[in-house]
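Engineer: A structural model of the following input is requested.
(4 chains)
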Protein chains: 2
Amino acid sequence: MKTKYQVIADEIRSKILSNEFVVGKVIPPELQLQKDYGVSRHTVREAIALLVNEGFLRKEKGSGTYVDDTYQRRGDGVSSSKTIGVITTYLSDYIFPSIIRGIEQRLRENGYSLLLASTNNDVDQERECLEQMLSQGVSGLIVEPTKSNQYNPNLAYYLSFKERGIPVVMINANYEELSVPFICVNDTKAGYLATKHLFEQGHQHLALITKIDDLQGKYRMKGFIKAHEEMRTNFDPKNVYTYTTETKAQVFQTIREKLASDQEVTGIVCYNDEVAQGLIQALADMGKRVPEDYSVVGNDDSFLSTAGSVKLTTLSHPKEELGAAAAEWIMLAVQQEVTGNKIFEPELIIRDSVKRI
Amino acid sequence: MKTKYQVIADEIRSKILSNEFVVGKVIPPELQLQKDYGVSRHTVREAIALLVNEGFLRKEKGSGTYVDDTYQRRGDGVSSSKTIGVITTYLSDYIFPSIIRGIEQRLRENGYSLLLASTNNDVDQERECLEQMLSQGVSGLIVEPTKSNQYNPNLAYYLSFKERGIPVVMINANYEELSVPFICVNDTKAGYLATKHLFEQGHQHLALITKIDDLQGKYRMKGFIKAHEEMRTNFDPKNVYTYTTETKAQVFQTIREKLASDQEVTGIVCYNDEVAQGLIQALADMGKRVPEDYSVVGNDDSFLSTAGSVKLTTLSHPKEELGAAAAEWIMLAVQQEVTGNKIFEPELIIRDSVKRI
DNA sequence: TCCGATTTGTTCGTATGTATG
DNA sequence: GCATACATACGAACAAATCGG
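Structural biologist: You can find the predicted model right below:
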């Protein structure tokens, strides 16, 4: 269990790292903090003592307690520490290991180190990661946004990086509220190509399963809609099944019920290969086969697309290449100003999960 | 004017330096000092806190306050950087993402950062990684050895860590020349259980495919041999197919040729699930099926064991748990001396790749 | 220049929790 | 189980430095 003074110290540290307590300025006096946190002065002083020891604060008798402006450049003989922080949503799942591999390889080739952390697509954990990166003093940051399609409470931290002149690049998605450069796949096009392919194979009524808490899911849906418009076909919004990180487990149950009572839908566009394989499994449980009964398109060309019993028709994803591009971008950015985004174009990879009708 | 606690601190420091308080021994308890100097306990504690901060004293709850025997060598205040280095052979492949995930999760929970690098099972790259870790000043190191069954030219680097008092722990394997603690799976037992299972299912003549440049492969072979001895069965050394990182691509060709001319072998123990699935594919190419024509046992219970068309009978591997154990070991070791290894016992997981005959 | 309000520094006292041997 | 020793937390008082008016 954390002690009171540790909790208070953590809070103050957070406020420093998110720039609520500005570098070089005083923080509220002990008496004030005592009231704020409802503890004795002694406890406040212990919390402050801890942060002074860590180098975040500096005290001046008679004047106040200040945010120390020297904590960022520590071990400064190696000031060009050549450490790049990487924050992704997941580490071990799906295509992320490949992306990280691409980043690591390219960074090490150039003498940079990689400081790694993951958020599990949870904003609280993202905050922890960002604090860690700030207090470690990385010279650049590669981030895959957490829940990029929802309001993000950690934007202040990203601004902290900007103020400290630490370059940040986003991969796979970006926070639209921030004007941070990003490197990603053209997800709208991916959704569009998947949908168009099903139309071209003679499918008339399509469904979509997409993730809605990140931007990638939103863009892939956009491509799905765009293809419908281009074909001058109306699509039934009821055939769009959305899920979030938290409701992922239930989506297959939902879609299974819907498909059982719907005889029109023959093709299903999936957010990614993982969902596609999950769907194929769910369909198998109700006695339906792919591609005989339903045609399915995945996305990301992950190992899952060829691992299961049905080889998936899917869309390419650069993975290692995207990681390497992010690494190159950030290494350039620590030396000079860099602007502009990089967008990879996906391509259709035809395998066995779509039937011509 | 000097404060009371400064005066007391000075006195205690003198007594340490004049050996009145002997290095490694306890000093009088707070209550005693309180009486000796005629001050409150709080004041005594402040004096002690000062000396702890200077590195002269070390406190142990419930036991006493000791004269720290390490106060002579410091100056690297950055040593409290709370960064742990992790070097693995691979990043994106197979079970490594899960191991790394286990490490990362546990480290971050405790406020540690993870500096990541990979060697691609190449000793030159391993050297680069080790240099990087040394110059970054990590406070602990978790390493998966590169080519642990061959002479390693980087042992000097590992000794450097030891000299600098930076703890190192190995995972999955270890360098037998170094007496470094390790955390791994009982690979001999894994090989033994796999082999024994095939015998128990009525198979008489078995083959083994194993990797020979790392210790895991050697130990798994040891288990294979042990099972034969226990069954009082001679095995034909020709039925042991070995490969290294560099010759991995050709091993399937070799074994295919051998099996075509050998009618006795019915069961094959594989180094891991990846090899097992590769073998199943290679057998399929020559018109043979698993488990109908050949029985196959994998290892590591990776995602590959259930991803392919044949669900593999394999052996369990702790993965995340092993990573978490390594993280916990190293976090403890940066604070105090730790010795001893941790060995996980594998268990047989029966699926569909072995037929009873 | 001085004063008084503010803020941190030092010191005392007391109570309860928790790990160790 | 018990005594010992350190850990956390509350409350109170006065000292010393700073800063604005």
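Engineer: List the residues that contact the residue of the stretch 201-350 of chain A found nearest DNA strand D.
Structural biologist: Closest contact between the stretch 201-350 of chain A and DNA strand D, by Cβ to the nearest atom of the strand, is at residue A:246 (33.0 Å). (Glycine included, C-beta is placed from N, CA and C.) Neighbour list for residue A:246: empty [criterion: Cβ atoms under 8 Å, 6 or more residues apart in numbering or on different chains].
Engineer: repeat that for 10 Å
Structural biologist: Taking Cβ atoms under 10 Å, 6 or more residues apart in numbering or on different chains as the criterion, residue A:246 is in contact with A:121-122, A:213.
Engineer: Next, format these as CSV and append distance to DNA strand D.
Structural biologist: Putting the contacts of residue A:246 into CSV (distance: Cβ to the nearest atom of the strand, whole Å) gives the following:
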residue, distance to DNA strand D
A:121, 32
A:122, 27
A:213, 36
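Engineer: Just the buried subset of the residues you listed, please.
Structural biologist: A:121, A:213 (16 or more other Cβ atoms under 10 Å in any protein chain shown).
Engineer: Nearest to residue B:208 among the contacts of residue A:246?
Structural biologist: Closest to residue B:208 out of these is residue A:121 (42.0 Å), distances taken as Cβ to Cβ.
Engineer: Looks to me like that closest one is in a helix.
Structural biologist: No. Judged by DSSP: H, G, I helix; E, B strand; the rest coil, residue A:121 forms no part of a helix; its state is coil.
Engineer: Relative to residue A:63, how far out is it?
Structural biologist: According to Cβ to Cβ, to the nearest Å, residue A:121 stands 44 Å off from residue A:63.
Engineer: so what's the nearest residue to residue A:206 once chain neighbours are set aside up against?
Structural biologist: In space, residue A:206 comes closest to residue A:267 once its chain neighbours are excluded; the distance is 4.7 Å by Cβ to Cβ, 6 or more residues apart in numbering or on different chains. Shown in contact with residue A:267 (Cβ under 10 Å, 6+ apart): A:194-195, A:197-199, A:201-208, A:291, A:294-297, A:354-355, A:357.
Engineer: rerun at 8 Å
Structural biologist: A:198, A:201, A:203, A:205-207, A:294-297, A:354.
Engineer: most surrounded residue in the residues you listed?
Structural biologist: In terms of neighbour count, residue A:297 stands highest of the contacts of residue A:267 at 30 neighbours, by other Cβ atoms under 10 Å in any protein chain shown.
Engineer: Now for the closest residue to that one other than its chain neighbours: which residues touch it?
Structural biologist: Using Cβ to Cβ, 6+ apart and skipping the chain neighbours, the partner closest in space to residue A:297 is residue A:194 (4.2 Å). Residue A:194 sits next to A:220, A:223-224, A:269, A:297, A:299, A:315, A:348 when contact means Cβ under 8 Å, 6+ apart.
Engineer: Show only the entries of these found in helices.
Structural biologist: Using DSSP state H, the subset of the contacts of residue A:194 located in helices is A:220, A:223-224.
Engineer: Who wins on neighbours among the residues you listed?
Structural biologist: Neighbour counts for those, by other Cβ under 10 Å, peak at residue A:220, which reaches 28 neighbours.
Engineer: Dump the contacts of residue A:246 into CSV; add pLDDT as well.
Structural biologist: Compiled in CSV, the contacts of residue A:246 are given as follows (pLDDT from 0 to 100):
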residue, pLDDT
A:121, 92
A:122, 92
A:213, 90
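Engineer: tell me which of the contacts of residue A:246 is nearest to residue B:282?
Structural biologist: Nearest member of the contacts of residue A:246 to residue B:282, counting by Cβ to Cβ, is residue A:121, at 38.5 Å.
Engineer: can you pull the contacts of the closest one?
Structural biologist: Per Cβ under 8 Å, 6+ apart, neighbours of residue A:121: A:89-90, A:146-147, A:213-214, A:245.
Engineer: Neighbour-wise, give me the winner out of the residues you listed.
Structural biologist: Ranking these using other Cβ under 10 Å puts residue A:146 first, with 27 neighbours.
Engineer: Now that residue: phi and psi?
Structural biologist: Per-residue torsions, residue A:146: phi -90, psi 130 (degrees, to the nearest 10).
Engineer: Stretch A:106-114 near chain B anywhere?
Structural biologist: Yes. Contact of stretch A:106-114 with chain B (Cβ under 8 Å from any Cβ of the partner chain) involves A:108, A:111, A:113-114.
Engineer: the strands in the stretch 251-357 of chain A, which residues?
Structural biologist: Here the stretch 251-357 of chain A has its strands, by DSSP state E, counting those that start in this stretch, at A:267-270, A:295-297, A:314-315, A:342-344, A:348-349.
Engineer: Kindly reformat these as TSV containing mean pLDDT.
Structural biologist: Output for those, formatted as TSV (pLDDT from 0 to 100):
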stretch	mean pLDDT
strand A:267-270	96
strand A:295-297	96
strand A:314-315	97
strand A:342-344	95
strand A:348-349	96
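Engineer: want to throw those into TSV with distance to DNA strand D?
Structural biologist: Compiled in TSV, the strands of the stretch 251-357 of chain A are given as follows (distance: least, Cβ to the nearest atom of the strand, whole Å):
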stretch	distance to DNA strand D
strand A:267-270	50
strand A:295-297	55
strand A:314-315	53
strand A:342-344	49
strand A:348-349	57
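Engineer: Nearest approach to residue A:82 belongs to which of the ones you listed?
Structural biologist: strand A:342-344 (22.5 Å).
Engineer: Residue B:310 versus the residue lying closest to residue A:331 once chain neighbours are set aside, what's the distance?
Structural biologist: Computed as Cβ to Cβ, 6+ apart, the closest residue to residue A:331 that is not its neighbour in sequence is residue A:110, at 5.8 Å. Distance, residue A:110 to residue B:310, by Cβ to Cβ: 43 Å.
Engineer: between the two, who's got more neighbours?
Structural biologist: Neighbour count, other Cβ under 10 Å: between residue A:110 and residue B:310, residue B:310 has more, with 21 against 11.
Engineer: Does that one touch residue B:355 like I think?
Structural biologist: No. Using Cβ atoms under 8 Å, residue B:310 makes no contact with residue B:355, being 11.2 Å away.
Engineer: what does chain A have sitting close to DNA strand D?
Structural biologist: Chain A comes close to DNA strand D at residues A:3-6, A:38-43, A:46, A:60-63, as judged by Cβ under 7 Å from any atom of the strand.
Engineer: before we move on, back to that, the residue of the stretch 201-350 of chain A closest to DNA strand D: which element?
Structural biologist: Using DSSP states H and E, residue A:246 sits in no helix or strand.
Engineer: In terms of pLDDT, where does it sit?
Structural biologist: As predicted, residue A:246 sits at a pLDDT of 88.
Engineer: Look up phi and psi at it.
Structural biologist: phi -80, psi -30.
Engineer: what do you get for residue A:142?
Structural biologist: phi -110, psi 120.
Engineer: Repeat that for residue A:207.
Structural biologist: phi -120, psi 160.
Engineer: doesn't residue A:268 make contact with it?
Structural biologist: Yes. Contact criterion Cβ under 8 Å: residue A:207 and residue A:268 qualify, at 4.7 Å.
Engineer: Near DNA strand C, which residues of chain A? Just list them.
Structural biologist: When proximity is defined by Cβ under 7 Å from any atom of the strand, chain A lies next to DNA strand C at A:1, A:26-27, A:29-32, A:42, A:45, A:59-65.
Engineer: Kindly recompute the last result at 10 Å.
Structural biologist: Counting by Cβ under 10 Å from any atom of the strand, chain A comes close to DNA strand C at A:1, A:3, A:26-34, A:40-42, A:44-45, A:48-49, A:52, A:57-66.
Engineer: What's the ChimeraX line that selects buried ones from those?
Structural biologist: Taking 16+ other Cβ under 10 Å as the burial criterion, the selection of buried members of those in ChimeraX is written as:
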select /A:27,30,33,34,44,45,48,49,57,58,65,66
